[in-house]
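> For reference, the sequence and a predicted model appear below.
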Amino acid sequence: MPVRALLLVLLLAAGCTSTISPSPSLVGDARVGGTVRAGLWMWDDPDRLEPALLDPQLFFWHPFARCCLLRTLLAYEGRAIDEGGAQLRPDLAESMPEVSADGLTWTFHLRAGLRYAPPFEEREIVAGDFITALERTVRVGESPYHDVIEGVSEFRDGAAGTIAGAQAPDERTIVFRLTEPAGDFGNRVAMAYLAPIPEEALAVHGDNYGGYLVASGPYMIENAESIDHADPEAAPTYASDDLVLVRNPSWSRDLDPIRPAYADRIEIVPIDDRGGPAVDAVAAGDIDVMLDPMTPSARDQVLGDPELRPRLREAPNPNLFFIALNLAQPPFDDVAVRRAMNVVIDREALLPTFDPERGSSFVPTAHAFPEVAVGGLLRDYVPDGIAMGGDADRARELMAQSTYDSDGDGRCDGTGCTVTASRIGNTTDAAFDIIDVGLAEIGISVEWGVEPEMVDPTAHVGLGAIFGWVADYPSANDFVILMTDPGAETFNPSLLGATPEQLEDWGYEADSVPSLDDKIALCRTRGGSAAFGCWAELDQLVSQQVVAWVPVASSVWAYVIGSRIDQFQISGSEAMPALERISVFPDGAP
């Protein structure tokens, strides 16, 4: 799964009567008003900001939605994980959903008084608008997260004209019926693809909705109020290099408990390089912050500058880099060997080998899921016996308990001690040398190659390094795909849960591997804090007892903020600047 692309957008203004307090004013300790200038790395691609990138059905994960342009039934506050930034909260819904005892029926009730941005400022947001968004998602999008709703496949195939599992019994009530319990369904409805859409906005420009998007959040795209949605010749809201967000006059702070929306206006400034030139632009006051994280070299530049260093802000990225182990392939069919490998790997030595495009910096980790997937509950957890720099002595003690160590000297011996390994592209070649050195301490030698791939269970590849995986939303549900449904058509390199029949078909001598299916099934039915607790328990089980893979590192995204910024936060659910929580000093002066 590719790491999420970093697409960014910002805030807008319109000329109608507004319920927003006039600027300048204060909300709590934060200043309301002013303009935030946010840099956006263009990847040397002048079309990065083309209107299609704002289409919530095509780019359902982009961070402009939550902060600014779109609201959903549930959403996250733009706060750090340890401040509740991974916790779902009511947004357009007036409260958390009513969930039936069997977990299959989810009922949401909308807040009263919700309206769209101009030119639909007289149009109330109603329950049917969520069904409009869902149907468009099925028609044009690629999101897999709605498939759990009853009737989606029939609607996609043309066998039904509506989605049976999405009903609006009245204008303020929407009911979803699922085909199976999904405790993370709340996370799914918080994704941009299920932001409401007025059906009238799709009549002419439905195929190109990103350029004609109707906002429901605190901001709208500048000049969106002038679009004639009935005119086939109407131009989209912005060109590729002039995206500006201004206030949505239909939005009310009283009806939005999540977004303070401090700035009046957010201007996107194209930047050619997210490294040194981006830092220089912040230092010169040309922009207030980059929306893309800094490169490692840019972070070093900031750390070396006494004036900029206090302005560095960092947050964990929701990803994990790990060494996959095939639990059916010798010697990793023995848990003592897996535990020994988990202990011997020098995670700290591996950090400099990671692709700098994958993070501003990297930190070693030894547990199975990223922090956001367990709600930050395992921030200080390190499995017993793990030293981030590796511990060869302890590893040999564990190896001595293995059937692959016949003489008890803490080193693997016999034919199973040479393993075929697959190289994965998240690190430089130096990483494989470090892994070789560590495994040699416990008597394992590695034959590296690119082919065959570890995801093919018939290839009998012993390990794969180094995989990268990312959570699309604050839940471990995206990670448990690594532990379910083993086979050539899925991604379960450890083969957890494979049946004896499957193992025999794939040519393994092992007749069983661990299965965590029951625990996974339990966690998948839970939501909220109960889900985080369940996933944290599973994390510890995978990390310390089963050792299904060797967690190595996660990345940290870093940002430097300009001197005009007063209040600033990074959203824990996205590891991105929370645009709605950036406030600036009046006239740019502290």
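Thanks, I have it.

> going forward, measure contacts and count neighbours with C-alpha atoms only.
Will do.

> Break the chain into its domains for me.
If you go by automatic domain parsing, the domain ranges for the chain are 25-255, 319-556.

> Please identify the one among these that comes closest to Gln301.
Smallest distance to Gln301 across the domains of the chain (C-alpha to C-alpha): 11.7 Å, for domain 319-556.

> For Pro577, which of the domains of the chain is the nearest?
domain 25-255 (8.1 Å).

> Please report phi then psi for Asn319.
phi -130, psi 170 (degrees, to the nearest 10).

> Please produce CSV containing the domains of the chain, extended by mean pLDDT and distance to Leu579.
Output for the domains of the chain, formatted as CSV (pLDDT from 0 to 100; distance: least, C-alpha to C-alpha, whole Å):
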stretch, mean pLDDT, distance to Leu579
domain 25-255, 91, 6
domain 319-556, 92, 18
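
> Quick one: the ones you listed as CSV, columns for mean neighbour count and distance to Ala575 too.
CSV is the format used below for these (neighbours: other C-alpha atoms under 10 Å; distance: least, C-alpha to C-alpha, whole Å):
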stretch, mean neighbour count, distance to Ala575
domain 25-255, 20, 8
domain 319-556, 20, 8
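
> for the residue nearest to Ser361 when sequence neighbours are not counted, helix, strand, or coil?
Among residues not flanking Ser361 along the chain, Val556 sits closest, at 5.2 Å (C-alpha to C-alpha, 6 or more residues apart in numbering). What DSSP: H, G, I helix; E, B strand; the rest coil gives for Val556 is strand.

> on that earlier part again, and the domains of the chain as a markdown table, adding distance to Ala263?
Shown next, in a markdown table, are those (distance: least, C-alpha to C-alpha, whole Å):
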| stretch | distance to Ala263 |
| --- | --- |
| domain 25-255 | 5 |
| domain 319-556 | 26 |
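
> among these, which is nearest Ser563?
Per C-alpha to C-alpha, nearest to Ser563 of those: domain 25-255, 11.7 Å.

> And the most centrally placed residue in the chain, how far from Met191?
The centroid of the chain falls nearest to Asp472 when counting by C-alpha atoms, centre = their mean (3.2 Å). For Asp472, the distance to Met191 (C-alpha to C-alpha, to the nearest Å) stands at 9 Å.

> Next: Glu574.
Noted for Glu574: a distance of 12 Å to Met191, by C-alpha to C-alpha.

> quick one: Glu307 and Phe491, what's the gap?
47 Å.

> these two touch, right, the residue nearest to Ser361 and Pro316?
Yes. Judged on C-alpha atoms under 8 Å, Val556 makes contact with Pro316 at a distance of 4.4 Å.

> So Phe176, which state does it fall into?
strand.

> and it, what is it in contact with?
104-107, 149-150, 165-167 (C-alpha atoms under 8 Å, 6 or more residues apart in numbering).

> Of the domains of the chain, which is nearest Ser583?
Closest of the domains of the chain to Ser583 is domain 25-255, at 5.8 Å (criterion: C-alpha to C-alpha).

> Report the distance from that closest one to the chain centre.
17 Å (C-alpha atoms, centre = their mean, to the nearest Å).

> for stretch 394-411, same thing?
39 Å.

> Can you give me the first-to-last residue distance of that stretch?
Taking C-alpha to C-alpha, stretch 394-411 runs 12 Å from one end to the other.

> and what of stretch 33-50?
Termini of stretch 33-50 sit 28 Å apart (C-alpha to C-alpha).

> Over to stretch 545-565?
Distance across stretch 545-565, first residue to last, is 47 Å (C-alpha to C-alpha).

> and if you look at stretch 431-448?
Start-to-end, stretch 431-448 (C-alpha to C-alpha) is 12 Å.

> who's in contact with Glu453?
Taking C-alpha under 8 Å, 6+ apart, one finds 422, 459, 461 in contact with Glu453.

> what does Gly572 give?
Gly572 neighbours (C-alpha under 8 Å, 6+ apart): 78-81, 85-86, 315-316, 372.
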